[in-house]
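Peer 1: Would you be able to build a 3D model of this:
(one chain, ligands or ions: 1)
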Amino acid sequence: MRPTRITAGLAGVPKKVDVVVIGLGVTGAGVALDAVSRGLSVLAVDAHDLAFGTSRFSSKLVHGGLRYLASGEVGIAHESAVERGILMETTAPHLTRPLPSIIPLSSGVSRPMGALAGAGLVGGDLLRRAAGTSADTLPRPRRLSAAEARRLAPPLRTDGLRGAHLGWDGQLEDDARLVTTIARTAADQGAHIRTRARVLAASGREVRLRDELSGASATVTTRTVVNAAGVWAGDLVDDVRLRPSRGTHLVLRADTLAGLDVAVFAPVPGETNRFVLVLPQPDGQFYVGLTDEPVDGPVPDVAEPTEVEIGFLLDVVAASFARPLRRADVVGAFAGLRPLLDGGPEDGDSTADLSRRHAVLTSRSGVVTIVGGKLTTYRRMAEDAVDAAVASAGLDAGPCVTATLPLAGAAPRTLLADRSATAADRGSARLIRRYGADADLALTAALTASGWSEADLLAPLADGIPTVWAELFFAMTHEGAVDVADLLDRRTRIGLVPADRALAVPAAERALAACMKTAGDR
Ligand SMILES: Cc1cc2nc3c(=O)[nH]c(=O)nc-3n(C[C@H](O)[C@H](O)[C@H](O)COP(=O)(O)OP(=O)(O)OC[C@H]3O[C@@H](n4cnc5c(N)ncnc54)[C@H](O)[C@@H]3O)c2cc1C
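Peer 2: Reported below is the predicted structural model:
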């Protein structure tokens, strides 16, 4: 088994590469994969860990661009729909799934607003068709009667329910899992991926790094630098200024809204065309989001939701369901930071919302900054950034190939569904869901790293926590995880519910110790 190239710290870091990538969120991981698959030598670093920043706090949707269509931004909408199709049908069918969602036509939704929502879904379907995505992947929208809506979403409040619109979009297995899989694919292609490696200073030719584990520093010579540091990108170049805004989600247990398998758009009272989304998740949870609050002052490492945001989301959603929702139903809450470009070179003195589109900015220092966009469009963002970096540094690189380059473990969705249906146990089926065609690789790696039995590795970590032990070992052998937080907060998402996290900490510590022991014995 080839050892992973995703490692922590700077030991053995190459002294000279073609491209240094700063940041290993979805954007930086995408840039690393794009550059290495064009034949360039790549070092990609993160000050903390893979998916440490905004990329793990999203709504986990693969958007088709409906929101942009509504505001007349047809180009961005089309780009989103194309990238959604690439992810769902070619590069990551194993990490994405079609998500049905309903817009209930309740008393809170006026007839004109309902008609607008229905027209929006039809427009979204036109985008799907224009992007060449099959209706087998994302079925056509349709109007539901009140009885059909109740059958599909039993917990809905039924008084005044006239019916619903049913539409389809893409959903990720998990956002951090997408980032980790992109990084692993880049590493498999030969990119050097380093966590706990902070960039202290960067020019277009040189990057000064600090090993966040040992404190040691290193200088790497490079031919170009791509800054993909998200909301922190402005710390590294003088001419890009960002002001973040916070988006908060709640986590509810599945039994809070028992029987609900579809996403629900809950209308925000008094506003046209603004909804709070209730999103079912694979591990028996719902996420409820989203807020949009400006963040003043220094950008925090991890944003914290406020009680006001939690109360707002709960109140809006509660109005759509028969069962009252209370503060005690909220078992977790998380927030991500979206970038606002503050008077950047492109925008003169204006402020631009980069959560809609992305920007590639080449600084006077020669550093190419890529910021904004979405998880959905990461591939296109990476292509644009590498094109700019290659052009400005005069590099000899091949064309972009990522639109047809499957991510590690990719396989047709139907094939994986068949494998999952015939899997010997729930643990094996779960590995297929999380790693696609690499499920066997994950189990084999876990067997070698732990010395445990297959049955033990396929067992859940604890009561009520479906993550199996093999996931922790694979995270260490192939995904660069080095501590409890990597395991619980980014390779798995147990950490989104603090009570579950507390329950899982001993398991993570045990897996870390077992992995170190077998490595020492070898
Ligand atoms: C609340 C919310 C919900 C969203 N939901 C969706 C959704 O459902 N679907 C969708 O498509 N998009 C969604 N988005 C958009 C998407 O999440 C972001 O566009 C994307 O995650 C940004 O990724 P990034 O890699 O640019 O930044 P980040 O993920 O923040 O990555 C930046 C990385 O840079 C590292 N870094 C910073 N400084 C340094 C340094 N000096 N040296 C080394 N490393 C450094 C950080 O540690 C971090 O890991 C959402 C955004 C928000 C805010």
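Peer 1: Partner strands of the helix or strand G332 falls within and their direction?
Peer 2: In this assignment (DSSP states H and E), G332 forms part of strand 330-342. Paired neighbours of strand 330-342 in the sheet (DSSP bridges): strand 242-253 (antiparallel), strand 351-353 (antiparallel).
Peer 1: I'd like the distance between the spatially most central residue of the chain and F57.
Peer 2: The residue lying closest to the centre of the chain (Cα atoms, centre = their mean) is D175, at 2.3 Å. Here D175 is placed at a distance of 8 Å from F57 (Cβ to Cβ, to the nearest Å). Where C-beta positions appear, they are placed from N, C-alpha and C, glycine not excepted.
Peer 1: how many neighbours does T137 have?
Peer 2: 18 (other Cβ atoms under 10 Å).
Peer 1: same check, this time on G520
Peer 2: 7.
Peer 1: Contacts for the helix or strand it falls within next, please.
Peer 2: In this structure, G520 is located in helix 498-521 according to DSSP H and E. Helix 498-521 is contacted by residues 331-332, 448-452, 461-465, 467, 469, 472-473, 476-477, 483-484, 487-489, 494-495 when judged by Cβ atoms under 8 Å, 6 or more residues apart in numbering.
Peer 1: about what we covered before: can you tell me which of the strands paired with strand 330-342 is nearest to V317?
Peer 2: strand 242-253 (8.3 Å; Cβ to Cβ).
Peer 1: That closest one: what's the following helix or strand?
Peer 2: Strand 242-253 is succeeded, C-terminally, by strand 263-267 (DSSP H and E).
Peer 1: Smallest gap between the stretch 51-200 of the chain and the ligand, at which residue?
Peer 2: Nearest residue of the stretch 51-200 of the chain to the ligand: G53, at 2.3 Å (Cβ to the nearest ligand atom).
Peer 1: so that residue touches V26, yeah?
Peer 2: No: applying Cβ atoms under 8 Å, one finds G53 not in contact with V26, separated by 9.3 Å.
Peer 1: coming back round to it: and the contacts of helix 498-521, which of them are in helices?
Peer 2: Counting by DSSP state H, the contacts of helix 498-521 place 448-450, 469, 472-473, 476-477, 484 in helices.
Peer 1: what residues does the protein put near the ligand?
Peer 2: 22-28, 45-48, 52-55, 57-61, 63, 198-199, 228-232, 236, 247, 290, 336-338, 373-376 (Cβ under 6 Å from any ligand atom).
Peer 1: Now do the helix holding G520 against strand 242-253, angle only.
Peer 2: Using axes from the mean of the first three to the mean of the last three Cα atoms, to 10 degrees, the direction of helix 498-521 lies 100 degrees away from that of strand 242-253.
Peer 1: And the helices in the stretch 201-350 of the chain?
Peer 2: Ranges of helices in the stretch 201-350 of the chain, per DSSP state H, counting those that start in this stretch, are 307-318.
Peer 1: which stretches of it have low pLDDT?
Peer 2: Residue ranges of the stretch 201-350 of the chain with pLDDT under 70: 343-350.
Peer 1: How about the chain?
Peer 2: 1-4, 343-355.
Peer 1: so how far is V179 from the residue in the stretch 401-522 of the chain positioned nearest to the ligand?
Peer 2: For the stretch 401-522 of the chain, the residue closest to the ligand is R490, as judged by Cβ to the nearest ligand atom, at 9.6 Å. R490 sits at a distance of 8 Å from V179 (criterion: Cβ to Cβ).
Peer 1: what sits in contact with each of those two?
Peer 2: In contact with both R490 and V179: 50-51, 56, using Cβ under 8 Å, 6+ apart.
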